[in-house]
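Q: let's see this in three dimensions:
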Amino acid sequence: MSSFKIDLSTAVVFVATAPAPKMANKQSGERAVDRETGAGLSTVGLLISDEGEGNLYQVTVPETGLPENLAPGMPVRVVGLKARDWENEFNGQKRHGIAFRAVALTAGA
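A: Model (predicted):
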């Protein structure tokens, strides 16, 4: 699947939900990790507002790219945001969507 860079140079971004560990397997409790670095992955809800429109996105970020004390309402900058389409089959049902991944979040607007 291909991925695409997302330009947030004119956007305002706030944390909507605090980071939570991303699970590779919810049943076993196995945490998802970055394939290249081995860092644990977290999911953060971000409110991204641009050109008069705001949307909530769940973005995956390596724990090494998260600042300490990240909390809802904080303004952040998003480093290296990409979108990637995905699809899979689970219990005979095809599912698809778009996954968002960032290299890091930094505090401040």
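
Q: so where do the strands sit in the chain?
A: Listed from the start of the chain, the chain has strands (DSSP state E) covering 3-5, 12-21, 23-25, 30-31, 41-50, 53-62, 76-79, 82-90, 93-101, 104-107.

Q: now these in CSV, with mean neighbour count and distance to Glu68?
A: Just so you know, the C-beta spots here come from the backbone N, C-alpha and C atoms, and that holds for glycine as well. Converted to CSV, the strands of the chain look like this (neighbours: other Cβ atoms under 10 Å; distance: least, Cβ to Cβ, whole Å):
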stretch, mean neighbour count, distance to Glu68
strand 3-5, 11, 27
strand 12-21, 16, 11
strand 23-25, 12, 22
strand 30-31, 12, 19
strand 41-50, 19, 13
strand 53-62, 16, 13
strand 76-79, 18, 13
strand 82-90, 11, 24
strand 93-101, 12, 21
strand 104-107, 16, 9
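
Q: for the protein, which spans come out with low pLDDT?
A: For the chain, the stretches with pLDDT under 70 are 1, 109.

Q: OK, contacts around the residue nearest to the spatial centre of it?
A: The residue lying closest to the centre of the chain (Cα atoms, centre = their mean) is Val59, at 1.2 Å. By Cβ atoms under 8 Å, 6 or more residues apart in numbering, the residues touching Val59 are Thr43, Val44, Gly45, Leu46, Val78, Leu81, Phe100, Arg101, Ala102.

Q: closest to Pro19 out of these?
A: Val44 (4.8 Å; Cβ to Cβ).

Q: now the closest one. Nearest residue, chain neighbours left out?
A: Of all residues not flanking Val44 in the chain, Pro19 sits nearest, at 4.8 Å (Cβ to Cβ, 6 or more residues apart in numbering).
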